[in-house]
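A.B. asks: Kindly return the folded structure for what I paste below:
(one chain, ligands or ions: 2)
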Amino acid sequence: MHLMVVGGAGYIGSHTVRQLLAAGHSVTVLDNLSSGHREALPKDAHLIVADLLDPPALKAALLSAKPDAVIHFAALIEVGESMRSPGRYYQNNVTGSLNLFQAIVETRKIPLVFSSTAAVYGDAESVPIPENAPKRPTSTYGHSKWMVEQILHDFGVAHGLPYTVLRYFNVCGAAPNHTIGEDHPNKTHLIELALLTALGQREKMFVNGTDYPTPDGTCVRDYVHVLDLADAHVLAVQALSGGAVSGQAFNVGLGHGFSVRQVLDAVDAVVGTPLTREEGPRRAGDPPSLVADPSRIKGELGFDPKFTDLNGIVQTAWDWHRTHPHGFKS
Ligand SMILES: NC(=O)c1ccc[n+]([C@@H]2O[C@H](COP(=O)([O-])OP(=O)(O)OC[C@H]3O[C@@H](n4cnc5c(N)ncnc54)[C@H](O)[C@@H]3O)[C@@H](O)[C@H]2O)c1
Ligand SMILES: O=c1ccn([C@@H]2O[C@H](COP(=O)(O)OP(=O)(O)O[C@H]3O[C@H](CO)[C@@H](O)[C@H](O)[C@H]3O)[C@@H](O)[C@H]2O)c(=O)[nH]1
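C.D. replies: Ligands and ions are numbered 1, 2, ... in the order given. I've put the predicted structure just below:
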């Protein structure tokens with residue numbers, strides 16, 4: 001197949017581009033490079049620099065690339081920032097996605113896989129979380145993603161747009177050959193920040209809240225390796241294009257939760273020295289515990305994660321950061 005990967009120059013998108021090419025597909029990436037990196041893309045991927053907020057450019061790109069399916073990663077992704085700048089998040093994530101779906105139904109009604117998030121569940125009643133759990137986002141970011149899921153539902157009903165939603169839990173790690181990895185312009189993710197602290201780029205790690213209703217009082221998350229997530233996209237887009245039922249949502253996680261303290265312990269073990277930690281207040285918008293029930297994606301798409309050990313996952317991220325201490329600019 002020929003896939004259009006929207007947001008393909010970003011962290012998860014660029015790993016997915018590699019896995020798609022490895023599976024024998026061809027790829028056109030559409031990205032505005034606001035947080036993505038041209039250097040993250042292999043030579044075999046064609047790049048169109050365009051913005052989701054520019055509908056004529058989207059239509060032109062779809063007409064020229066003629067993809068068989070679209071995978072849509074492009075979004076602003078920070079929970080904390082979304083609470084301070086809701087307008088930016090709704091405009092980029094909701095209006096941008098709406099523009100893309102409208103351009104697809106007006107040009108080529110092709111299957112679409114959408115990047116959603118565990119943040120749509122918010123304060124979950126219990127973990128692990130199945131896909132039919134109530135959607136109660138606690139952040140603007142989570143609201144923006146849930147709104148897009150609802151827009152997709154309506155486009156499915158009205159226009160017959162075939163789509164699959166993947167709700168990722170916390171994505172981490174890097175391709176083991178350490179040629180690409182995580183390099184977000186604003187560093188907010190726990191593992192990336194901890195490893196940059198280990199490299200001496202930051203003085204210490206802050207633990208955001210120790211009074212959550214979790215076993216050690218810090219937030220619990222389900223950490224999934226970026227290459228396993230990339231493989232989930234290959235499975236999802238192949239299944240949907242092969243006629244699988246449209247409108248399904250799948251959790252992508254391992255089904256095991258780790259607290260902030262446990263993740264920092266794993267980082268200490270991998271880098272070989274304990275980081276200085278300072279315990280502080282909660283970060284606005286953070287739900288206490290997000291752990292996937294991944295049975296649906298395992299059963300229906302054959303998702304079979306290879307990176308199941310937290311230290312092993314952190315090791316792949318450490319290999320990337322220590323060989324690229326300043327990311328793609330190193
Ligand atoms: N990183 C995680 O832990 C995580 C977890 C759950 C869901 N997600 C979702 O996965 C997707 C990818 O996340 P990521 O970590 O790779 O982020 P990223 O910032 O590395 O990638 C996003 C890409 O989209 C592009 N982009 C953003 N707005 C755009 C626009 N208006 N027009 C064109 N391109 C635009 C950026 O330049 C970037 O290349 C996002 O939708 C995010 O919400 C990420
Ligand atoms: O220096 C830090 C950084 C983070 N945290 C905490 O670590 C946990 C994980 O935070 P982070 O790595 O920023 O991820 P999340 O906020 O859980 O969000 C990620 O995971 C979500 C899915 O669960 C995705 O939707 C988001 O895009 C992605 O940013 C949270 O409790 C944070 O408050 C700290 O204590 N100290």
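
A.B. asks: Does ligand 1 have contacts with whichever helix or strand residue 262 is part of?
C.D. replies: Counting by DSSP states H and E, the element that carries residue 262 is helix 260-271. No: judged by CB under 6 Å from any ligand atom, helix 260-271 and ligand 1 are separated, with a smallest distance of 13.0 Å. From N, CA and C alone the C-beta is placed, and that goes for glycine too.

A.B. asks: Direction included, what does the next helix-or-strand element following that helix pair up with?
C.D. replies: Downstream of helix 260-271, the first helix or strand assigned by DSSP H and E is strand 277-280. The pairing partners recorded for strand 277-280 under DSSP bridges are strand 205-208 (parallel).

A.B. asks: Please identify the buried residues of the strand it pairs with?
C.D. replies: By neighbour count on 16 or more other CB atoms under 10 Å, the buried set for strand 205-208 is 205, 207-208.

A.B. asks: Quick check: residue 137 touching residue 149?
C.D. replies: No: using CB atoms under 8 Å, residue 137 is not in contact with residue 149; the gap is 10.7 Å.

A.B. asks: nearest to residue 266, of the buried residues of strand 205-208?
C.D. replies: For the buried residues of strand 205-208, the closest approach to residue 266 (CB to CB) belongs to residue 205, at 12.6 Å.

A.B. asks: From residue 153, how far out is that closest one?
C.D. replies: In this view, residue 205 and residue 153 are 40 Å apart by CB to CB, to the nearest Å.

A.B. asks: rewinding a little: quickly list what's touching both of residue 137 and residue 149.
C.D. replies: Counting by CB atoms under 8 Å, 6 or more residues apart in numbering, the common neighbours of residue 137 and residue 149 are residue 120.

A.B. asks: Those two: who's more crowded?
C.D. replies: Neighbour tally, residue 137 and residue 149, criterion other CB atoms under 10 Å: the higher count belongs to residue 137, 22 against 19.

A.B. asks: What about the closest residue to residue 290 other than its chain neighbours, how many residues nearby?
C.D. replies: Excluding the flanking residues, the one nearest residue 290 by CB to CB, 6 or more residues apart in numbering is residue 118, at 4.4 Å. Neighbourhood size, residue 118 [other CB under 10 Å]: 24.

A.B. asks: Give the buried residues for the least confident helix or strand in the chain by mean pLDDT.
C.D. replies: Least confident helix or strand of the chain, by mean pLDDT, DSSP states H and E, is helix 79-84 with a mean of 92. Applying a neighbour-count criterion of 16+ other CB under 10 Å, the buried positions in helix 79-84 are 79, 81-83.

A.B. asks: Among the residues you listed, which one sits closest to ligand 2?
C.D. replies: residue 79 (4.1 Å; CB to the nearest ligand atom).

A.B. asks: still on that earlier bit, touching ligand 2 at all, the least confident helix or strand of the chain?
C.D. replies: Yes: looking at helix 79-84 against ligand 2 by CB under 6 Å from any ligand atom, the contacts come from residue 79.

A.B. asks: Show me what that helix is packed against.
C.D. replies: Packing partners of helix 79-84 (3 or more CB pairs under 8 Å, 6 or more residues apart in numbering; DSSP states H and E): helix 140-159.

A.B. asks: Is the next helix or strand after the helix it packs on positioned near ligand 1?
C.D. replies: As assigned by DSSP H and E, the chain's next helix or strand after helix 140-159 is strand 163-168. Yes: on the criterion CB under 6 Å from any ligand atom, strand 163-168 is in touch with ligand 1 at residue 168.

A.B. asks: Parallel or antiparallel, list what pairs with the helix or strand that comes right after strand 163-168.
C.D. replies: Next helix or strand after strand 163-168 toward the C-terminus (DSSP H and E): strand 170-172. Applying DSSP bridges, strand 170-172 is found paired with strand 223-225 (parallel).
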